[in-house]
Structure formats: C-alpha cells, structure tokens
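Student: Show me how the following folds:
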Amino acid sequence: MSRHDEARYQIERQRRQDLFNQRVRETTRTYLARYRGILEDVQSQGLNEYVQAEFSELEKELASLTRLVESDPAAARDRSIELGRLVHALPRHARGMRQAYVEAQRQAEEAAREEARRRVEQEAKVRDELETAWQDELTSWADPLARQLAFKALSEVRTRLMGANSRTSIAELRTAIGTIKSEYEQRSRQIREKESKAAEESASADALQFCREQIASVGGGAAERAQALGSLLDSTSAMSPEYVSKRLVEVTRDLDAVVVDESCRREVVQAVYRALEDAGFVTEKPRLVREGSSNEVVIRGKRPAGAQAEFKVELSGKLNYKFDHYRGSACKKDIDTVLPRLQSIYGIQLSTERTIWKNPDDKDSDAKPQPGMTREK
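Tutor: Model (predicted):
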C-alpha cells in the first residue's frame, strides 16, 4: 500500500497564544528596558530638571507599560512604540532646554550685575508693598525658562516702576509684569517646540534603524517575509514622526506574526522528525527548500526494506505527507503510528484532510511514488 497525504498543521490554540505572548512580551521588555536606561541616563546627567513635566509623564507611562506587558503584551507593545518615539526624543530635547536655560542664565547674570551697579548708583528706596507684589507675581511663574528669558525686561521694569521717586501703584506693577510674562512665555513655547521637533525627528530615525535591525535579525524560513516588511519602511524617512510611529506599529505587529509562524513551523518539524524516529524510521536532517514562491521544510524517513515517508511543512500552515514503496498494509500501519503521535504526544492538530492518491493493495513493490495527502489547519 502507498499513500501520499497532505494536511495543514495547527498548534494548539493556547500554545500558539503562549508563543505569541512570549515573543511580544520579550520584545516589549527589550524596548522598555532600553527606554528605562535612557530615562536613567537623563536623570543621572541632571537633565530631567529642564523637562520635568515630560520626564514625569514618560516615567508614569513606562511604569504602566511594565505592568501591562504581563497582562496584555500586545497592547503594551503597541503603546511602547509611541512611548519609544517620545523617550528617544527626550535626551536631545533636554539638552537643548539646558543649553537654552544656561544661555538665559548667563544673560541674566550679566543683566544682574549691570542692575546691581545701577541700583547702587540710584540709592533707591524700595517700597515694601511694591516689593511684596513684585515677589508674588514672579513666584506665580511656572515656566523657569520664560522667567530667565525675561530677566532683563523685568529688571528694566523694576528700575522704571520701583525707583526711589516712583509713584507706581500695585495694579500698574502687576499689569506690567503680566505683559512681560505673556510675551516671554510665548518665546519659551517657541523654543520648546523647536527643540521638541528636532528631537522627535532624530528619534524617528533612531526608531526606524532599530526596527530595521530587528528585521535583519530574523533568520531561517521567515527571513524573506521579514525583509519584505523592511521595504515598507523605505518611504517613511520623509514622513512626519507621527506617521513613522504608526508605520512602525504596523511593521512590528506583522514582524511578530512572521516570527511566531516560523516558531510554530519549527515545532511541527521537530514533532514530525521525532514521530518518525519513534516509529523506527531512519530520518534525514530536515532541510529548507525555496522554489519560486514555495517555502517549505522537507523531512524524510526510510526503512531498511525500502519503504519511505516524506513530510513537507509550509510556513502557511499546510502539511503535505506521503508514505510509499510499501507492501500490503504496512503503509497504513505506519500512518496509523506516526500521525496519532503528532497529536497525542506532540500536540499537533491535523485538519481539513484531503487524500490525493491511495493504493490499498500496493502489491507491486516496484510501484513508483504517487501524490499523497494534504491536511491543513
């Protein structure tokens, strides 16, 4: 008897989900560890004080994703892509803000020295109520950069409105300070936006490079599919950081699926190899065959009497197998030995069975191999 069967394999649903969760969780943990290192480096350099609000929000999001990756790794992965764009932008943004702050501080120190000289020459007497109002107004400024940028203008207003012979009212003083505050908070926002945009563009380039490295690291039968995903990133360099981040989420999600498919096929190949050995076949080393659009792993086993079995495992989930060069019912006996082991011992589900060819007698021991059976998951 000879048979050539083809089938689709299917990893048990929970096993496939576990493989998927394991892959996504490990990848996402790598991302999160990298982000955590960047935040720690920013903090160790004392840069976080220049981007306090952004730093605090990123710490909260990182802590949230660290918890989420255990319960919902896919959601944590998707959110981590957006987080990565912001985290990678943070160091450059913080350095830019520090540079702006240092420059503003330098100018403020120069202005302070000049103001001190003028105040000594003026022999001015500062009135208590105006001084209190002045301090109250400045204390309300939440943006330290805006205050540093406005130092010279504030100094000039102080000299003009709080001199020895000044008759300025508290209302006039507050109005003057409010006008300066509005102007320099706008300048501060412009500086922040400029530095943030430059940092995000740099971070997008870094994120694209990291994703390409992840794609390049995929080997085996999944390498071609992974490289095809890499081509989707070629046109993103001129796009906005938001678009790049969206595309990275899509490519990373598809890349994870490709790697999981290859992991599933690897388990099926190992299971078929062991099942043939358990049944007494002398097995050849599995080999990957690529012909045109075909991508399959071939496992062959032989018996001393000449009977042989061949399994072809495709990346798509199709399993094609055949048993030939048998006498009598020995073929059915081997099939009934090997196939049940795949499910009962190794957890491989076979479904959608379609017999392509079958010879129930196979009395001619010299019969040529014929097409076999296909099963799909």
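
Student: Can you give me the separation between Val258 and Glu57?
Tutor: With distances taken as C-beta to C-beta, to the nearest Å, Val258 is found 33 Å from Glu57. C-beta coordinates here come from the backbone N, C-alpha and C atoms, glycine included.

Student: Can you give me the buried ones in stretch 284-294?
Tutor: For stretch 284-294, burial by neighbour count (16 or more other C-beta atoms under 10 Å) applies to Pro286.

Student: can you dump the C-alpha coordinates of that stretch into PDB?
Tutor: Extracted in PDB, the C-alpha atoms of stretch 284-294 (Å, rounded to 0.1, in the frame of the first residue of the first chain):
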ATOM      1  CA  GLU A 284      17.300  12.600   7.300                       C
ATOM      2  CA  LYS A 285      18.100  16.100   8.600                       C
ATOM      3  CA  PRO A 286      15.200  18.500   7.800                       C
ATOM      4  CA  ARG A 287      16.100  20.900   5.100                       C
ATOM      5  CA  LEU A 288      14.500  24.200   3.900                       C
ATOM      6  CA  VAL A 289      13.500  24.300   0.300                       C
ATOM      7  CA  ARG A 290      12.700  27.500  -1.600                       C
ATOM      8  CA  GLU A 291      11.500  27.300  -5.100                       C
ATOM      9  CA  GLY A 292       9.700  30.400  -6.500                       C
ATOM     10  CA  SER A 293       7.000  31.300  -4.100                       C
ATOM     11  CA  SER A 294       7.300  27.900  -2.300                       C
END
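
Student: surely Phe151 meets Arg113?
Tutor: No. Using C-beta atoms under 8 Å, Phe151 is not in contact with Arg113; the gap is 11.6 Å.

Student: Ser166: which element?
Tutor: Using DSSP states H and E, Ser166 falls within no helix or strand.

Student: Check the spacing between it and Arg160 real quick.
Tutor: 8 Å.

Student: what's the answer for Asp324, then?
Tutor: 103 Å.

Student: So which of these two has more stuff around it?
Tutor: A side-by-side neighbour count of Asp324 and Arg160, using other C-beta atoms under 10 Å, places Asp324 first with 23 against 11.

Student: so what's the more buried one bridging to?
Tutor: Per DSSP bridges, the residues bridged to Asp324 are Gln308.

Student: returning to that earlier point: okay, Val258 and Glu57: which has more neighbours?
Tutor: Neighbour count, other C-beta under 10 Å: between Val258 and Glu57, Val258 has more, with 20 against 13.

Student: That one and Arg147, how far apart?
Tutor: 53 Å.

Student: what's the answer for Ser56, then?
Tutor: 20 Å.
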